[in-house]
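In: Okay, predicted coordinates and the sequence, questions at the end:
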Amino acid sequence: MNSIYKRALRLAVPMMIQNGITNAVVLVDNIMVGSLGTESMTAVSIVGQLMFVFNLAIFGGMSGPGIYGAQFYGQGNTDGFRSTFRLKHWVGLFCLLFGILAFSFGSDFLIGLYLHGESETLDKVLTIEQAHIYLDIMILGMLPFVITQIYAGSLREAGDSINPMIAGIASVAVDIVLNYCLIYGNFGFPKMGVKGAAIATVAARIVEMLVVIVWANLNRKRHSFLKGVYKTLLIPREICVKMLKKGTPIFFNEFLWAAGIAALTQCYSIRGLEVVAGLNISNTICNMLNVVFVALGNAVGILIGQQLGASRYKEAQKDAFSLMKFTGIICFGLTVILVAISGVFPEAYETTETVKKYGTGFIVITAVFFPVQGYLNALYFTLRSGGKTLVTFLFDSVFSWIISLPTAAVLCYFTPFPILIVYAVIQALDIIKVTVGYILIRKGVWISNLVS
């Protein structure tokens, strides 16, 4: 096997395992909560969409310093790498405060966005009540999530994806046990339903944070950037300005892209609350498998970034194309798996036949476009590795808001097309992004050393 594939898999597989296990827990959570009723499942799905926006904002905020982190590490510049780690704390604090304020004071409005559709079988009032219960507790898990991302991202940029994986496994174990105890009231615990699911998730995030921090600090000999890192959180002005200049478009890109996905779901919800429930079923299983191309995309960004930092430009371009094709081919296998289980998985939920039918349809459509998504993800991280963050901003979130969302709104509000047809059309629009991205990669506009 080509050495670049081996290096990519060495980085990506631990991320796949960590994120795969985490999403497996989400899957178990969904099935457990789904057994409480469609209202509970829909409520958790709505809050999940809101938390998705926050999580992607954190990811975007950390990605700007992360670009420099990968290149500083490739250059062997420990002081520069330490500065990226410190900047992540400031970015995380800003996002955390904004997120807490938004969810604390705007929860009624945000939850209500998804409850305009009609349904003869779902109780809208009960759904709102369950969503508030779940969100109020999930807010407590935002701080440990932020701290985990600060440490885990920096460790991966330094080539260590094992630590975050171990932390993720510990988190999953806690989440499964507490879910079983608190949702249903097993082993003498009170039966808490949706509230118990939220408490279990928060506890799991705290455990994950503690494992990452303790493990990283016990291995300071390897991760020398941690030595004296908290003597100050001040960052040299010149480096800070450069990182913020490159990082700000990524932050807004991830935030607006996630908000765009949430807005798309809101458009789909106009066709009925059963559609939201069906999407939740589809997203749960599809997210189990998309960890493969997401992890490979992260590996692409790190490996290509390290090569750019070491000024190995020809090698970087060659490897970028190899990894993009590699990711696309793997995703064909994922398509086969998803289509095969599309009719079986929805049966695990205690919900209506209409919801199950929607779930099956959404799974099949998502699966068909998995190769497109995988290739697109690798394209995105390649462009970003060279600091072309404004290009990726236009390429990703601006496209979502200018093309995808208006198209979905028009089709959902003003046409009689079935929701599955609408969903397929929106997925197909990403072919445009693949075409444009490929041209940009071929031209080499992304090739640059940011830390020379």
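Out: Arrived safely, thanks for sending. Numbering: from 1, shown residues only.

In: show me the contacts for the residue nearest to the spatial centre of the chain.
Out: Closest to where the C-alpha atoms of the chain average out (C-alpha atoms, centre = their mean) is residue 56, at 5.8 Å. Contact analysis of residue 56 by C-beta atoms under 8 Å, 6 or more residues apart in numbering lists 254-255, 257-258. Using the backbone N, CA and C atoms, a C-beta is placed for each residue, glycine as well.

In: let's see it at 6 Å
Out: Contact analysis of residue 56 by C-beta atoms under 6 Å, 6 or more residues apart in numbering lists 254, 258.

In: Going forward, the N-terminal residue is numbered 302.
Out: OK, 302 is where the count begins now, so the last one is residue 357.

In: what's the offset of the helix or strand where it lies from the middle of its chain?
Out: Using DSSP states H and E, residue 357 falls within helix 339-376. Relative to the centre of its chain, helix 339-376 is centred 5 Å away, using C-alpha atoms, centre = their mean, to the nearest Å.

In: Which helix or strand lies directly C-terminal to it?
Out: Next element after helix 339-376 (DSSP H and E): helix 379-406.

In: Run through the neighbouring helices and strands of that next one.
Out: In terms of contacts (3 or more C-beta pairs under 6 Å, 6 or more residues apart in numbering; DSSP states H and E), helix 379-406 is packed against helix 339-376, helix 443-458.

In: orientation of it relative to helix 443-458 in degrees?
Out: 150 degrees (axes from the mean of the first three to the mean of the last three C-alpha atoms, to 10 degrees).

In: for the record, mean pLDDT for helix 379-406?
Out: Mean pLDDT, helix 379-406: 92.

In: Show me the helices in the stretch 552-701 of the chain, by range?
Out: 574-610, 614-642, 654-669, 671-686, 690-694, 700 (DSSP state H, counting those that start in this stretch).

In: counting contacts, what elements does the second one pack onto?
Out: Applying 3+ C-beta pairs under 6 Å, 6+ apart, one finds that helix 614-642 contacts helix 304-335, helix 574-610, helix 654-669, helix 671-686.

In: how about those helices, which one is nearest residue 424?
Out: Of all the helices and strands packed on helix 614-642, helix 574-610 sits nearest to residue 424, with 9.6 Å by C-beta to C-beta.

In: Could you list every helix and strand in contact with that closest one?
Out: helix 304-335, helix 339-376, helix 614-642, helix 654-669, helix 671-686.

In: Try it again at 8 Å.
Out: helix 304-335, helix 339-376, helix 443-458, helix 538-570, helix 614-642, helix 654-669, helix 671-686 (3 or more C-beta pairs under 8 Å, 6 or more residues apart in numbering; DSSP states H and E).

In: can you put the ones you listed in a markdown table and add distance to residue 434?
Out: Listed next are the helices and strands packed on helix 574-610 as a markdown table, based on distance: least, C-beta to C-beta, whole Å:
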| stretch | distance to residue 434 |
| --- | --- |
| helix 304-335 | 12 |
| helix 339-376 | 8 |
| helix 443-458 | 17 |
| helix 538-570 | 20 |
| helix 614-642 | 31 |
| helix 654-669 | 22 |
| helix 671-686 | 33 |
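
In: Can you check which of those gets nearest to residue 698?
Out: Closest of the helices and strands packed on helix 574-610 to residue 698 is helix 538-570, at 3.8 Å (criterion: C-beta to C-beta).

In: buried set for the closest one?
Out: Buried residues in helix 538-570, counting neighbours by 16 or more other C-beta atoms under 10 Å, are found at 540-541, 543-545, 547-570.
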